[in-house]
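[1] Task: produce atomic coordinates for the following.
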Amino acid sequence: MDAKTLAQACQVSRAWARMADDELIWQRMCVQHIGKICEKCGWGLPRLQPKDRRLYANGNGEKWETTEGERGEEGDDNGSSGSNGGFGGVSGEDALGSLNGSSGTGVDICEKDLSKDINKKLLDCSKREIQQSYENGNEGESSSGGEEQSGQYDNKNKTNSDTRRKWKREYARRQAVVKNWRKLQYEIIEAQQIESEVVCVQGNETYMASACTDNTIRINDVKTGDHVQTLVGHTDAITSLYLDDCKLVSGSLDGTIKIWCYRRAECIRTIAMEEGVGVTALTMLNTVCAAGKVDGTISVYDFSNATRYDLAGHAGAVNALLFLHDHSLVSCSDDMLIKRWHIHSLRCTHIYNGHSLSVRCIATSATSQLLYSASLDGTIRVWDADSAKCLEVLCYQGEGVWSIATDSFRLISGHNDGSVCVWNLDCHKLNHRIKVCDSPVNSLCLSETRFLCGCKSAKALVFDFTPPPAVFF
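    As a prediction, this is how the structure comes out:
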């Protein structure tokens, strides 16, 4: 059965309607489609990140953060936990694990005993910010929202079964997102107080961070575009960002990496490179941070054992980094090459050669079997990640490609003429073209409900495909 057949069955009689609305049926429908292409019908539903963050009392009498996703999607083990290339699925205290043993100032990493202090600072910042937000307005919303705001409820008066989201409603909610992507129905939100070229954008379900050439990072509300914070501390252009629900990591041409509690605009730690060597790319996986530099080298910091090691092999500046599985790191550079490194043996295991100009960005498929690379030669190449063989070349009017991003169903690319192209990730067909601005699209960040783009013309935009609540509630 499909959703259309079940909807028609509901109209036959009340008995049929009760059977067609059975939770087990709709749970299986969700499991069959969420986060993947169904083999039977050929389409899938997006994974949706937790949202509508609120404070609720725990067993110790303290208030801490929970989410609509945690309350309504319990048991959705097959598709509600985030996606590759998305806005980040780390939240709460789990996100602090990626700073276990965080680094200190100077070339070497700090001592291990500083990690607990950094984690405590980040956790305290997050709790204070959430508590303040709750006291300023969330409590009033909870008392006046009624049944229309089902995420705001009193745990003492309702059972878990009353507050758990229905599978049928969840299916309809995700299907509405798919429909908006297909028909290209979206809302454009512009981040406020962006005053210079945006080099990099990152986001989660609450905030977006924009790295600018005026040496600042602007934090904006991803749903409204309102300015929240400005992070000041770098002395040169910021080139790269890593954002999750707890921390922000930034790399700059001033030769430093900074770890921020972005909720309160506090710099927790600073890592300094060699003098005069700027950071051009960075990425993180659990407790490992990799930073690409202007001189073509890559520094890898393992915070779990307080060590650093360098990878040398590129002849130009490193433009992007990507972890592939737990043991491999992929890098692209101005030398037109893509290299894959084994981070334990420090060896280059694969070289992907084929582009004729600088390779600006790389991305991977949900299964990590395919690798995508974007170049200023106007092509996007699809590689077999293990054999380093080029499988396909994608091209849009020969326009240089500055950035790409992927989720479970699509690939998006930002071009030199200010266009964003939406490609089918399965057959690599061009589905849509969106004119974003009149300048190059420097950076993209994609989730399955929205994408962010940063432009050379001092714009940071959100294209939101989430339908209004009335569509699926």
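
[2] Val436 contacts Gly418, correct?
    Yes - under the criterion of CB atoms under 8 Å, Val436 makes contact with Gly418 at 5.4 Å. C-beta here means a position set from N, CA and C on the backbone, and glycine is covered the same way.

[3] anything in contact with each of these two?
    Listed as contacting both Val436 and Gly418 by CB atoms under 8 Å, 6 or more residues apart in numbering are Cys455.

[4] Have a look at these two and say which one is more surrounded.
    Counted by other CB atoms under 10 Å, Val436 and Gly418 do not tie: Val436 has more neighbours, with 23 against 20.

[5] my read: Ala405 touches Leu411, true?
    Yes - between Ala405 and Leu411 there is a contact under CB under 8 Å: 7.5 Å.

[6] Give me the common contacts of the two.
    Here Ala405 and Leu411 share the contacting residues Ala363, scored by CB under 8 Å, 6+ apart.

[7] Give me the distance between His415 and Leu282.
    Distance, His415 to Leu282, by CB to CB, to the nearest Å: 24 Å.

[8] So the two - more neighbours on which side?
    A count of neighbours by other CB under 10 Å puts Leu282 above the other of His415 and Leu282, at 26 against 22.

[9] doesn't that one fall inside a strand?
    Yes - per DSSP: H, G, I helix; E, B strand; the rest coil, Leu282 lies within a strand segment.

[10] Now for it: which residues touch it?
    Ser240, Leu241, Tyr242, Val249, Gly251, Ile257, Cys289, Ala290, Ala291, Gly292, Leu321 are the contacts of Leu282 under CB under 8 Å, 6+ apart.

[11] switch to 10 Å and redo it
    By CB atoms under 10 Å, 6 or more residues apart in numbering, the contact set of Leu282 is 200, 239-242, 249-252, 257, 289-293, 298-299, 301, 318, 320-321.

[12] beta partners for it?
    Note on Leu282: beta-bridge partners Ala291, judged by DSSP bridges.

[13] now Gly454
    Beta-bridge pairing for Gly454 (DSSP bridges): Ser443, Ala460.

[14] I'd say it and Ser443 touch.
    Yes - using CB atoms under 10 Å, Gly454 makes contact with Ser443 at a distance of 4.2 Å.

[15] Mind listing the shared neighbours of the two?
    Listed contacts common to Gly454 and Ser443 are Val198, Val199, Cys200, Val201, Gln202, Ser210, Ala211, Leu241, Trp402, Ser403, Gly414, Ala460; contacts here mean CB under 10 Å, 6+ apart.

[16] what are the ranges of the helices in the chain?
    Taking DSSP state H to define them, one finds helices in the chain at 3-9, 14-20, 23-33, 68-72, 114-133, 139-144, 160-163, 167-183, 469-472.

[17] now the closest residue to Gly313 other than its chain neighbours: how far from Glu274?
    Of all residues not flanking Gly313 in the chain, Cys348 sits nearest, at 5.3 Å (CB to CB, 6 or more residues apart in numbering). In this view, Cys348 and Glu274 are 21 Å apart by CB to CB.

[18] before we move on, what about Ile434?
    Distance, Ile434 to Glu274, using CB to CB: 41 Å.

[19] again with Ala405
    Counting by CB to CB, the separation of Ala405 from Glu274 is 31 Å.

[20] ok, the two, which is more surrounded?
    Counted by other CB under 10 Å, Ala405 and Glu274 do not tie: Ala405 has more neighbours, with 25 against 11.

[21] pretty sure the more buried one is touching Arg450, no?
    No - between Ala405 and Arg450 there is no contact under CB under 10 Å: 11.4 Å.

[22] Now do the same contact list for Lys339.
    Per CB under 10 Å, 6+ apart, neighbours of Lys339: 298, 311, 313-314, 318, 329-333, 348-353, 388.

[23] where does it land on pLDDT?
    Lys339 carries a pLDDT score of 96 in this model.

[24] Beta-bridge partners for it, please?
    Ser331, Ile351.

[25] State the distance from it to Leu391.
    As judged by CB to CB, Lys339 and Leu391 stand 18 Å apart.

[26] do Asp254 as well
    39 Å.

[27] higher neighbour count, the two?
    Using other CB under 10 Å as the criterion, Asp254 and Leu391 rank with Asp254 on top: 18 against 12.

[28] wait, doesn't that one sit right on Met273?
    Yes - under the criterion of CB under 10 Å, Asp254 makes contact with Met273 at 9.1 Å.

[29] can you list residues touching both of those two?
    Val279.

[30] Endpoint to endpoint, stretch 396-409 covers what distance?
    19 Å (CA to CA, to the nearest Å).

[31] which of the residues in that stretch are buried?
    Tyr396, Glu399, Gly400, Val401, Trp402, Ser403, Ile404, Ala405, Thr406, Asp407, Ser408, Phe409 (16 or more other CB atoms under 10 Å).

[32] can you tell me which of those are in strands?
    Val401, Trp402, Ser403, Ile404, Ala405, Thr406 (DSSP state E).

[33] Which secondary structure element of this structure has the lowest mean pLDDT?
    Ranking every helix and strand in the chain by mean pLDDT, DSSP states H and E puts strand 54-57 at the bottom, with a mean of 34.

[34] Just give me the neighbour total for Ala172.
    Neighbour tally, Ala172, other CB under 10 Å: 17.

[35] do you know how far it is from Lys166?
    Per CB to CB, Ala172 is found 9 Å from Lys166.

[36] same thing with Arg433?
    Counting by CB to CB, the separation of Arg433 from Lys166 is 37 Å.

[37] Over to Leu253?
    Leu253 is 51 Å from Lys166, where distance means CB to CB.

[38] Looking at those two, which has the bigger crowd around it?
    Neighbour totals were compared for Leu253 and Lys166, and Leu253 leads with 20 against 13 (other CB under 10 Å).
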